[in-house]
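**Q** Can you look at this prediction? I've put the sequence above it.
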Amino acid sequence: MTESPPETLNDLLKGVAAERPDQQVLRFNAGGTWTGLTGRELAVRVRNAALGLYNLGVRKGDRVALLAESGPEWTITDFAILSIGAINVPIYPTQAVPQVEYILRESEPKLLMISTARQLKRASAALDKFPGLPVIAFQAIPSLESDLSKLEAGGARVAAEQPELHDHLAAAVKGSDLASIIYTSGTTGEPKGVMLTHSNIIFNALAAGAFLKIEADNSMLSFLPLSHLFERMVLYLCLHFGVQINYAGGIETVIADLATVRPTLMSAVPRMLEKVYGRVLKKGALGSALERRAFEWSMEIARRAGALENEGRRPGLLFRLERMLADQLVLGKIRDAFGGRMRRLVSGGAALPPDLALVFNGAGVPVLQGYGMTETSPVIAVNTLDENRIGTVGKPLPGIDVAIAEDGEILTRGPHIFKGYFNKPDETKDVFDQQESGDAWLKTGDIGYFDSDGFLAITDRKKDLIKTSAGKYIAPQSIEGLLAQSKFIEQAFVIGNDRKYVSALIVPDFEQLEEWAKENGIETTGRAELIKDKRVEGLVKSEVNRLTAGLADYEKVKRVALLPNELTIEGGEMTPTLKARRPVINEKYREIIESLYPSGSEG
């Protein structure tokens, strides 16, 4: 690390180039061969791309939109935008096209960087509305005049003529300057542009890295989209703390990338961990009766090991011997699924089912749940290797204040707090709680509490809480997390606001369900017919009853409806961060939901 902490993200990159000029700081798979960029090479490419943008008229304070999949080009473009004082407006590569249009219209970028011809075609309906917007792609596309290679070549010519220009432009950027406008997921309405400064993001990256005690010899696999601030901040953190970054090729290659890279550090979302967990369960169910019993026994050993570790208790000799045997039978294979060297797997974005956390931690894959939001740059709290309390999101980062309001809402203040929503002063005012003392606390919208040891626990989103017609409050996300533990359930959406009882829309895991149907002699012509079979509905309902057995009676799911298709980002039901857009789902499936509540029905 540098002797004095960086004040801007430009300072951070300058430090990386100075300290690791000949070490590969970024690695990626180029046509089947892993290659990389050294600190010096990254800095040169950033300089050239930055001066290329400057040559096109991009100036300090201008906004540049970035619609692209993750990879080294994303990072080069990001730093290039920042280094001339411009503002990066990232757009998710999976963002619904109407929302792409909305973001472009509201943010009014000077220029759009886009990744591929496929992405250009996908977004064409939105881009057609902005005929005067210059577009530059990462790859050469015949319909576009320029690409990243040409942009860098033009910048290199400027650098040759004015060798001090880039350093001068980068040095003119201050910590208080805007670095990014990031549009939030929009679970209840249109996205809002969160304005974050260099200081906001630098504080969070340095504080999180120090709190987690990140060692310089780590190797990170970057899998989440860099348009997600969590992954982007982790990348900055890794660059600063000397961690080598390896870009996964995408969802299709992540399993192979884990085996090749064998990372020690990774950020993830619960959905990814649930899928890995599901594959583990599926493999465990394929063997003979003896092998299945050995698998189930080993998984229970992992749960017990995770629970002992969570409670800070030392295992006895007999259990240590059992743990060694379970390790040879099953648990070692779980570690191998993550490359065999994972030291920290930091999970954020949504609640992590406790059973899943127990199994992974007990199997030797340290899963650390954290919490934050785009408006907080983004991390507020996170568990660490030294203090990992399953069922919580850890303790707040040093330098951050967190309080619980009278109604249970989590409030926070500190150098991580954003500067407001772009062009939305009223919405900005609404999200702050102005105290009589004059202090302004950010209202997170989440409900939670501190346990007796100072660990923060989240119960649900304030707006998502369900109030039944009997006046009982229910946290739907915790119930949905329980249901997601079934190998037969892909997605669950809990309903019950102003209703007599709780119901759920469920998308089955059709791969598992079709295997089960075949084993039980159920023949159908497709998914729509399969979910109408009473035996299938009975199977799913029995899974729901099993997983919610420990809930209060008013929280239990009384009725379910099975859906033939997954809830998706493209369909508008999910945000790019895979959170449910509840108003959209309630409206889209209104008739099905009403069928779960026939006239006069009782809980």
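**A** Noted; the coordinates are in hand.

**Q** Just to check, residue 299 is in contact with residue 330?
**A** Yes: assessed by C-beta atoms under 8 Å, residue 299 is found in contact with residue 330 at 6.9 Å. For glycine as for every other residue, the C-beta is placed from the backbone atoms N, C-alpha and C.

**Q** Spit out the residues that contact those two alike.
**A** Common neighbours of residue 299 and residue 330, using C-beta atoms under 8 Å, 6 or more residues apart in numbering, are residue 284.

**Q** Determine the set of other helices and strands touching the strand or helix carrying residue 160.
**A** For residue 160, the host element (DSSP states H and E) is helix 148-161. Packing contacts for helix 148-161, counted by 3 or more C-beta pairs under 8 Å, 6 or more residues apart in numbering; DSSP states H and E, involve helix 39-55, helix 72-83, strand 135-137, helix 165-171.

**Q** Determine which stretch of the ones you listed is the most buried.
**A** helix 72-83 (a mean of 25; mean count of other C-beta atoms under 10 Å).

**Q** Pull the distance from that one to the chain's centre.
**A** Distance, stretch centre to chain centre, for helix 72-83: 20 Å (C-alpha atoms, centre = their mean, to the nearest Å).

**Q** Could you quantify the relative orientation of that helix and helix 39-55 as an angle?
**A** 60 degrees (axes from the mean of the first three to the mean of the last three C-alpha atoms, to 10 degrees).

**Q** got any ranges where the stretch 401-550 of the chain has weak pLDDT?
**A** By pLDDT under 70, the low-scoring segments of the stretch 401-550 of the chain are 435-438.

**Q** could you pull out the helices for it?
**A** Using DSSP state H, counting those that start in this stretch, the helices found in the stretch 401-550 of the chain span residues 425-430, 476-483, 510-519, 527-530, 534-547.

**Q** What residues sit buried inside the shortest one?
**A** Applying a neighbour-count criterion of 16 or more other C-beta atoms under 10 Å, one finds 527, 530 buried in helix 527-530.

**Q** which outside residues touch the helix ranked longest in the chain?
**A** Using DSSP state H to define each element, the chain has its longest helix at helix 289-311. The contact list for helix 289-311 (C-beta under 8 Å, 6+ apart) reads 284-285, 287, 314-315, 319, 322-323, 326, 329-331, 334, 355, 357-363, 388-390.

**Q** Kindly supply the ChimeraX command isolating those of those residues that are buried.
**A** Entered in ChimeraX, the line below selects the buried ones among the contacts of helix 289-311, by 16+ other C-beta under 10 Å:
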select :284,322,323,326,330,331,334,355,357,358,359,360,361,362,363,388,389,390
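
**Q** mind showing which ranges of the chain have poor pLDDT?
**A** For the chain (pLDDT under 70), the answer is 1-3, 186-189, 435-438, 600-603.

**Q** Mark out where each domain of it begins and ends.
**A** 9-173+213-249, 268-400+445-461, 466-595 (automatic domain parsing).

**Q** about what we covered before: which among the helices of the stretch 401-550 of the chain is found nearest to residue 32?
**A** helix 510-519 (28.4 Å; C-beta to C-beta).

**Q** Show me what the closest one is packed against.
**A** Short answer (3+ C-beta pairs under 8 Å, 6+ apart): helix 510-519 packs on helix 527-530, helix 534-547.

**Q** Check which helices and strands the last one is in contact with.
**A** Of the remaining helices and strands, those touching helix 534-547 by 3+ C-beta pairs under 8 Å, 6+ apart are helix 476-483, strand 502-508, helix 510-519, strand 557-562.

**Q** Let me have those in CSV, adding mean neighbour count and distance to residue 590 as columns.
**A** Shown next, in CSV, are the helices and strands packed on helix 534-547 (neighbours: other C-beta atoms under 10 Å; distance: least, C-beta to C-beta, whole Å):
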stretch, mean neighbour count, distance to residue 590
helix 476-483, 22, 17
strand 502-508, 24, 11
helix 510-519, 16, 24
strand 557-562, 20, 12
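
**Q** Generate CSV for the helices of the stretch 401-550 of the chain, with distance to residue 460 as supplementary columns.
**A** Below are those laid out as CSV (distance: least, C-beta to C-beta, whole Å):
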stretch, distance to residue 460
helix 425-430, 20
helix 476-483, 5
helix 510-519, 28
helix 527-530, 31
helix 534-547, 18
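
**Q** looking at those, which is closest to residue 497?
**A** helix 476-483 (9.0 Å).

**Q** got a list of what residue 98 touches?
**A** Residues near residue 98 by C-beta under 8 Å, 6+ apart: residue 126.

**Q** if we go to 10 Å?
**A** 125-126, 190, 572 (C-beta atoms under 10 Å, 6 or more residues apart in numbering).

**Q** same thing with residue 413?
**A** 376, 400-403, 432-433, 435, 439-442.

**Q** Which of those sits closest to residue 546?
**A** Using C-beta to C-beta, those come closest to residue 546 at residue 402, 35.7 Å.

**Q** The closest one and residue 59, how far apart?
**A** Counting by C-beta to C-beta, to the nearest Å, the separation of residue 402 from residue 59 is 38 Å.

**Q** ditto for residue 599
**A** 64 Å.

**Q** Could you work out the most separated pair of the contacts of residue 98?
**A** Between any two of the contacts of residue 98 (C-beta to C-beta), the greatest distance is 17.8 Å, for 125 and 190.

**Q** re earlier: looking at the helices and strands packed on helix 510-519, spot the one closest to residue 566.
**A** helix 527-530 (10.5 Å).

**Q** Please name the nearest non-neighbouring residue to residue 110.
**A** In space, and not counting its chain neighbours, residue 110 is closest to residue 62: 4.3 Å by C-beta to C-beta, 6 or more residues apart in numbering.

**Q** any idea which of the contacts of residue 413 is the one closest to residue 278?
**A** residue 376 (31.1 Å).

**Q** Just the C-alphas of stretch 50-59, formatted as PDB.
**A** Coordinates of each C-alpha in stretch 50-59 appear next as PDB, following Å, rounded to 0.1, in the frame of the first residue of the first chain:
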ATOM      1  CA  ALA A  50      -8.600   8.900 -21.100                       C
ATOM      2  CA  LEU A  51      -6.800  11.200 -23.500                       C
ATOM      3  CA  GLY A  52      -8.900   9.700 -26.400                       C
ATOM      4  CA  LEU A  53     -12.000  10.700 -24.500                       C
ATOM      5  CA  TYR A  54     -10.500  14.100 -23.800                       C
ATOM      6  CA  ASN A  55      -9.700  14.500 -27.500                       C
ATOM      7  CA  LEU A  56     -13.400  13.800 -28.300                       C
ATOM      8  CA  GLY A  57     -14.400  16.700 -26.000                       C
ATOM      9  CA  VAL A  58     -15.200  14.900 -22.800                       C
ATOM     10  CA  ARG A  59     -14.300  17.300 -19.900                       C
END
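
**Q** what's that stretch in contact with?
**A** In contact with stretch 50-59 (C-beta under 10 Å, 6+ apart) are residues 10, 60, 62, 64, 76-77, 79-86, 109-111, 113, 134, 136, 146, 148-162, 165-166, 169-170.

**Q** For the longest helix of the chain, buried residues please.
**A** In helix 289-311, counting by 16+ other C-beta under 10 Å, buried: 294-295, 298-299, 301-306, 308-310.
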